[in-house]
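**Q** Build me a structure from this.
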Amino acid sequence: PAIGDHMNTLHFKYAVEVERTRSITQAAENLYMAQPNLSKAIKELEDNLGITIFERTSKGTIPTVKGAEFLKYAKNILSQIDKMKSLYIPDDPHRQTFSVSIPRSSYIAASFTSLASELDTRNEMHLNIIETNSMKTISHVAKGEYNLGVVRYQIEYENYFLDYIAEKGLVHESVWEFDYLVLMSAHHNLAYTPKLTDKDLADCVEILHGDTSIPYVPQSELSRPEDIGTGKKSIYVYERANQFTLLTNIESSYMWVSPIPKDVMDRYGLVQRRCKAKHQRYKDILVYRKGYTLSNLDKKFIDKLFERKNEVAFCDYI
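**A** Residues are numbered from 1 along each chain as shown. Below you'll find the model as predicted:
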């Protein structure tokens, strides 16, 4: 049969996901299908094309030369199909749709809350927000699961992140570069110590996010204290609510965080301190897919994001 007679564009999506993950197993998991079924679909696609798309190597499942050429065309075709579909979706001015993937940051979450609170609840509304680590945010946006993302990284890893973001077909714009501050209970014995340093925190309990990851850096290398924490006593958390409860109830605890809104500190009885320490310079950037057109709600969220950033940036911290 001629090429394309039995070709299924769904198989194109499968092949693109295998290329992205470099793993049949991981791609099958991401696509919510059994690995044998994915392998069979890829084999059918290869048979129809008359080429071998992938080969297994020590670096994973990677495209052959002809496979890479096919995948380039496949991505273009899938992009064109998405654009055609969008032409036939009724343009309802009353539909309110927005999605964003963000770090576990109070000022960014407050931006989303501010946006949501101003929407007309009498009209159709579909809002989607997730708080996660930066690598997952990049994946969410690259796969089209979320339209916007805010990526946070340590400045020393900036080139790694920017290269990875470009590799995933995303564009970015800077939001804010800042120093992490130390968040602790107002009853902490260091809460009002002049000129706080990381040495003062050595015997305290550190609360930190336990799923830090960096492009091209093996997870084993992130076990160094300078990469994930500064103390010997640690509690790992994966969302913001627990961290505030722990900080309030364990008075010897602390956490490195981006500047947070004053109302959050007041609500939980916390203070935020400047502290001299290495590896605490961070940056937040906004990411979205190349060619994506920002919606009105996207633009409103970005305005809110910069408003909230300005509010916490100019707070007078101790």
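**Q** Which helix in this structure has the most residues?
**A** helix 65-87 (DSSP state H).
**Q** quick one: contacts of that helix?
**A** If you take CB atoms under 8 Å, 6 or more residues apart in numbering as the criterion, helix 65-87 is touched by 9, 12-13, 15-16, 19, 49, 51-55, 63, 144, 291. (Each C-beta comes from the backbone N, C-alpha and C, glycine too.)
**Q** ok, the following helix or strand past it: who's next to it in the sheet?
**A** Sequence order places strand 96-102 as the next helix or strand after helix 65-87, per DSSP states H and E. In the sheet, strand 96-102 lines up against strand 125-131 (parallel), strand 148-154 (parallel) (DSSP bridges).
**Q** Asp211: what's its closest spatial neighbour, skipping adjacent residues?
**A** Using CB to CB, 6 or more residues apart in numbering and skipping the chain neighbours, the partner closest in space to Asp211 is Asn133 (4.9 Å).
**Q** residues contacting the residue nearest to Gly169 when sequence neighbours are not counted?
**A** In space, and not counting its chain neighbours, Gly169 is closest to Lys290: 5.2 Å by CB to CB, 6+ apart. If a contact means CB under 8 Å, 6+ apart, then Lys290 has 169-171 as its contacts.
**Q** before we move on, back to that, for the contacts of helix 65-87, which single residue is the most surrounded?
**A** With neighbours taken as other CB atoms under 10 Å, the top of these is Ala15, carrying 24 neighbours.
**Q** Kindly compare burial across the strands paired with strand 96-102 and name the winner.
**A** The highest mean neighbour count among the strands paired with strand 96-102, using mean count of other CB atoms under 10 Å, belongs to strand 148-154: a mean of 24.
**Q** contact partners of that strand?
**A** Here strand 148-154 makes contact (CB under 8 Å, 6+ apart) with 99-103, 105, 108, 134, 137-138, 140-141, 160-161, 165, 170, 172, 175, 214, 258, 279, 281-288, 298, 301, 305.
**Q** Write the PyMOL selection for whichever of those are buried.
**A** Burial among those is assessed by 16 or more other CB atoms under 10 Å; the matching PyMOL selection reads:
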select buried, resi 99+100+101+102+103+105+108+134+137+138+140+141+161+165+170+172+175+214+258+279+282+283+284+285+286+287+288+298+301+305
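**Q** The contacts of strand 148-154 in strands, which ones?
**A** Under the assignment DSSP state E, the contacts of strand 148-154 contribute 99-102, 170, 172, 175, 281-288 to strands.
**Q** which of these sit farthest apart?
**A** Greatest spatial distance in the ones in strands among the contacts of strand 148-154: Ser99 and Arg281, 29.3 Å, computed using CB to CB.
**Q** Per-residue pLDDT of the closest residue to Lys233 other than its chain neighbours, please?
**A** Excluding its sequence neighbours, the residue lying closest to Lys233 (CB to CB, 6+ apart) is Val205, at 4.5 Å. What the model reports as pLDDT for Val205 is 95.
**Q** Much appreciated, bye for now.
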